[in-house]
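*Asks:* I need the structure of the sequence given here:
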Amino acid sequence: MQNVTAAGLGIGDDYPPRIMGVLNVSEESPYDPSVYDDPGEAARYVDSELIDEGADIVDVGLESANKRFEVLSAEQELDRLDTAVEAIESVSGDAVFSIETRYAVVADEALSRGFDMVNDICGFADPRMPDVCRERDAAAVKMASPPDLERPGAIEKPDDIYDALKREGLTEKTIVDPAFGGWSEAKTLHDDRETFRRLREFRGLGQPILVSINRKNFLRDLAGRSTEEALPVSLAATSMAVERGAHVIRTHDVAETLDAAKIGDAFARDRLRDGDLGVEELDVTNAGEAARHLDRIGADPEAAAETATRVFELSALSDAERETLAATAVDAGVTVAPGTAGVLLAGTPAAFGRLRSRVADESEADGASDRLVEALDAVNDAEQ
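*Replies:* Model prediction:
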């Protein structure tokens, strides 16, 4: 996993989770507590409500990305940049300042006037954006999006999101954002939940991950909560996201989100990482996640079925069925651990497939139990 530095702030597996607070200088933005058009008031808000509450990064939006509003041109964004620059110059606290924009010309101007990093909500749809960030040695958040400056984040399925993040490449200082939320009419709550469930796969890109899940519909709907009531579900998801490998949490609720991120970080699984030796234990729980890492290093993704190990308990086997398992498991590559109350099976998806085939052959040859074959069918279905 590539660590990234943004104005000296380390982001990645070797650092604690970072909190990105939000300031909007756009009158269209839907979340009123973060919207300011007066630079002095904006600075006071950043100091008291963001930095003092624990924000490491302050993301400044010049316009709302809500699909209901007209997209501003680069010239219109530049007209608002003066307010944003004056605001960050008036902040007394210490934070990394991120400019949210889709335009390379706006990013370049902002970086030249005091901003430290870029949050590109169109995922490098402007082909100059990666070059600007490299030339300015700036970290860049790349949000999954079609290559269209007017349609940020309108991607539904996790596989397509992954491909969108790879499109146009990644700079050495790229942070990837899978883009949760209602960015398009086609994107459903189920799509967001599936993306969240598969969050570890995005670690296969080898870059730090940012998630923006604060009070999002796909969480609120599960608990039946309004936006105002949705802080608890956001915090639960924050802990889960950090445990699954997220490095930056973008939020309007800084202090509470920081606490939730600390809990997720404390209970995340320890992984070996030795940069000097070039050894890193990957956070892989299934073949799909393994396939992403295999693709990243240029290995055959088909090997994914021989990677992640799963463990199953079979508790209703006869003595004859246990004997059949014991006789076929070793050659299939499955570990069988029999006990008085059941049998544990441990192996890769490919190994379980081989075991099922061999047990089925045994069943046809000598009339072994069809129930055992059905149990192994269930095991293999779970691997899909």
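*Asks:* pLDDT score for the closest residue to residue 318 other than its chain neighbours?
*Replies:* Leaving aside its sequence neighbours, residue 318 sits nearest to residue 369 (C-beta to C-beta, 6 or more residues apart in numbering; 6.7 Å). Where you see a C-beta, it was placed from the backbone N, CA and C, and this is true even at glycine. At residue 369, the model reports a pLDDT of 72.
*Asks:* ok, residue 369 to residue 287 distance?
*Replies:* Residue 369 sits 28 Å away from residue 287, going by C-beta to C-beta, to the nearest Å.
*Asks:* these two: who's more crowded?
*Replies:* Neighbour count, other C-beta atoms under 10 Å: between residue 369 and residue 287, residue 287 has more, with 21 against 16.
*Asks:* thinking that one is in contact with residue 308, fair?
*Replies:* Yes: using C-beta atoms under 8 Å, residue 287 makes contact with residue 308 at a distance of 5.4 Å.
*Asks:* any common contacting residues for those two?
*Replies:* Common contacts of residue 287 and residue 308 (C-beta atoms under 8 Å, 6 or more residues apart in numbering): 348-349.
*Asks:* okay, buried residues for stretch 305-323 please.
*Replies:* 305, 307-308, 310, 312, 314, 317, 321-322 (16 or more other C-beta atoms under 10 Å).
*Asks:* and stretch 98-106, by the same measure?
*Replies:* Buried, per 16+ other C-beta under 10 Å, within stretch 98-106: 98-106.
*Asks:* mind putting the buried residues of stretch 305-323 into a markdown table with secondary structure, pLDDT and distance to residue 209?
*Replies:* Below are these laid out as a markdown table (DSSP: H, G, I helix; E, B strand; the rest coil; pLDDT from 0 to 100; distance: C-beta to C-beta, whole Å):
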| residue | secondary structure | pLDDT | distance to residue 209 |
| --- | --- | --- | --- |
| 305 | helix | 94 | 25 |
| 307 | coil | 92 | 21 |
| 308 | coil | 90 | 20 |
| 310 | strand | 93 | 24 |
| 312 | strand | 96 | 30 |
| 314 | strand | 94 | 37 |
| 317 | coil | 89 | 42 |
| 321 | helix | 89 | 44 |
| 322 | helix | 91 | 44 |
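*Asks:* and the residues you listed, which is closest to residue 279?
*Replies:* Using C-beta to C-beta, residue 307 comes nearest to residue 279 of the buried residues of stretch 305-323, at 16.7 Å.
*Asks:* name the nearest residue to the closest one, ignoring sequence neighbours.
*Replies:* Nearest to residue 307 is residue 290, by C-beta to C-beta, 6+ apart, at 3.9 Å.
*Asks:* does the one you found really touch residue 300, like I thought?
*Replies:* No: using C-beta under 8 Å, residue 290 makes no contact with residue 300, being 11.4 Å away.
*Asks:* the stretch 201-350 of the chain: helices as residue ranges?
*Replies:* Listed in chain order, the helices of the stretch 201-350 of the chain (DSSP state H, counting those that start in this stretch) span 217-223, 231-243, 254-266, 287-296, 319-332, 349-366.
*Asks:* gap between stretch 302-317 and the chain center?
*Replies:* 25 Å (C-alpha atoms, centre = their mean, to the nearest Å).
*Asks:* swap in stretch 9-25?
*Replies:* 14 Å.
*Asks:* let me see the mean pLDDT of that stretch.
*Replies:* Rounded mean pLDDT across stretch 9-25 is 96.
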